[in-house]
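Visitor: sequence isn't available, so here's the structure alone:
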Ligand code: BT5
């Protein structure tokens, strides 16, 4: 029987920072919105806001994030010593942590799509939204995982196929175990970043990357480009090899993998 409660997440968790304090809500507009207001009033680093359901969940660029019951919708408040410019690395670290937690607790072969998407069988099961306070004194890392969400409750967009762990695994997953594993994995990677072990985090991201080596189209605020997704940079940017052989650094954008040929 699945246990998904505040106590179930925090008891004997064993982390120093992430998940030390958990605030549990049945329904919220967006856990990121509440986490951002709490970050402003100095709640401790590592505080997590969980909602069973979001009525106004957000993706990047103000896009809606569908968040029905059965999913994992949470936000982690961080106060990193890192410079703000390295905030994107925290998003990559969170994606690695989500993918590892999925692999460990369900066996599903989770892979990563730049910047922060987690895919199973080529379909998106999880997304991450990092938002920073003025001056970078706090970060809110919003994590959404379609855990026990039926496929017909997810958006149907041919360009952005979505799925849930329950659909891919064929049975409901234990969200409590998943989230506890996520907290522990995320803390290790966050410690790596804080201790300047960025390369260790990048290596783990590359190991699970779905996008690297493939032909991609990247939509950015100031236009689009096509090339081969060559690597990620030390700042978490995507490096795209263009037709003329040059490398283009992409800091923010939407990637679609083009079919070869
Ligand atoms: C993301 O944005 O992937 C970031 C999602 C972050 C959600 C978490 S939940 C807890 C916290 N509180 C919040 O309010 N947000 C965070 P992006 O890459 O922009 O993807 C958004 C797009 O994915 C949408 O435009 C849809 O096409 C699609 N989409 C919406 N809901 C989805 C879902 N549940 N699963 C998969 N795809 C979805």
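Guide: Ah, there it is. None of the values given here were measured: they were computed from a predicted structure. Numbering: from 1, shown residues only.
Visitor: the residue of the chain found nearest the ligand: which element?
Guide: Across the chain, the shortest distance to the ligand (CB to the nearest ligand atom) belongs to residue 127, at 2.1 Å. No exception for glycine: its C-beta is placed from N, CA and C like everyone else's. For residue 127, the host element (DSSP states H and E) is strand 123-132.
Visitor: for the residue of the chain closest to the ligand, give its distance to residue 165.
Guide: Separation of residue 127 from residue 165 (CB to CB, to the nearest Å) stands at 14 Å.
Visitor: please say which of the two ends up with more neighbours.
Guide: Of the pair residue 127 and residue 165, residue 165 is the one with more neighbours under other CB atoms under 10 Å, namely 28 against 22.
Visitor: residues near residue 64, how many?
Guide: When neighbours are counted by other CB under 10 Å, residue 64 comes out with 11.
Visitor: picking up where we left off before, give the next helix or strand downstream of the strand holding residue 127.
Guide: Scanning onward from strand 123-132 (DSSP H and E), the first element met is strand 139-145.
Visitor: can you list the strands that that following strand pairs with?
Guide: Sheet pairing here is set by DSSP bridges, and for strand 139-145 it gives strand 72-78 (antiparallel), strand 123-132 (antiparallel).
Visitor: can you redo those as JSON lines with mean pLDDT and distance to residue 104?
Guide: Output for the strands paired with strand 139-145, formatted as JSON lines (pLDDT from 0 to 100; distance: least, CB to CB, whole Å):
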{"stretch": "strand 72-78", "mean pLDDT": "98", "distance to residue 104": "15"}
{"stretch": "strand 123-132", "mean pLDDT": "96", "distance to residue 104": "14"}
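Visitor: ok, and which of those has the densest surroundings?
Guide: strand 72-78 (a mean of 26; mean count of other CB atoms under 10 Å).
Visitor: and the ligand, is that one touching that?
Guide: Yes. Shown here: strand 72-78 in contact with the ligand (CB under 6 Å from any ligand atom) through 73, 74, 75.
Visitor: now do the buried residues in the helix or strand harbouring residue 231.
Guide: Secondary structure assignment for residue 231, by DSSP H and E: strand 223-232. By neighbour count on 16 or more other CB atoms under 10 Å, the buried set for strand 223-232 is 227, 228, 229, 230, 231, 232.
Visitor: what residue lies at the spatial centre of this protein?
Guide: Using CA atoms, centre = their mean, the residue of the chain that lies closest to the mean C-alpha position is residue 128, 3.1 Å off.
Visitor: doesn't residue 98 make contact with it?
Guide: Yes. Applying CB atoms under 8 Å, one finds residue 128 in contact with residue 98, separated by 7.2 Å.
Visitor: do you have the helices of the chain handy? List them.
Guide: 6-10, 31-40, 87-106, 165-169, 175-194, 198-207 (DSSP state H).
Visitor: helices or strands next to the fourth one in the packing?
Guide: For helix 165-169, the elements it packs on are helix 87-106, strand 123-132, judged by 3 or more CB pairs under 8 Å, 6 or more residues apart in numbering; DSSP states H and E.
Visitor: buried stuff in the longest one?
Guide: In terms of neighbour count (16+ other CB under 10 Å), helix 87-106 has its buried residues at 87-103, 105-106.
Visitor: show me what that helix is packed against.
Guide: strand 110-113, strand 117-120, strand 123-132, strand 139-145, helix 165-169, helix 175-194, helix 198-207.
Visitor: and it, what's its mean pLDDT?
Guide: The average pLDDT for helix 87-106 rounds to 96.
Visitor: name the nearest residue to residue 102, sequence neighbours excluded.
Guide: Leaving aside its chain neighbours, residue 102 sits nearest to residue 110 (4.1 Å; criterion: CB to CB, 6 or more residues apart in numbering).
Visitor: check that neighbour and give its pLDDT.
Guide: For residue 110, the predicted pLDDT is 98.
Visitor: so what's it up against?
Guide: 98, 99, 100, 102, 103, 118, 119, 120, 125, 126, 208 (CB atoms under 8 Å, 6 or more residues apart in numbering).
Visitor: I'd say residue 150 and residue 166 touch.
Guide: Yes. Residue 150 sits in contact with residue 166 when judged by CB under 8 Å, with a separation of 7.3 Å.
Visitor: good, we can wrap up now.
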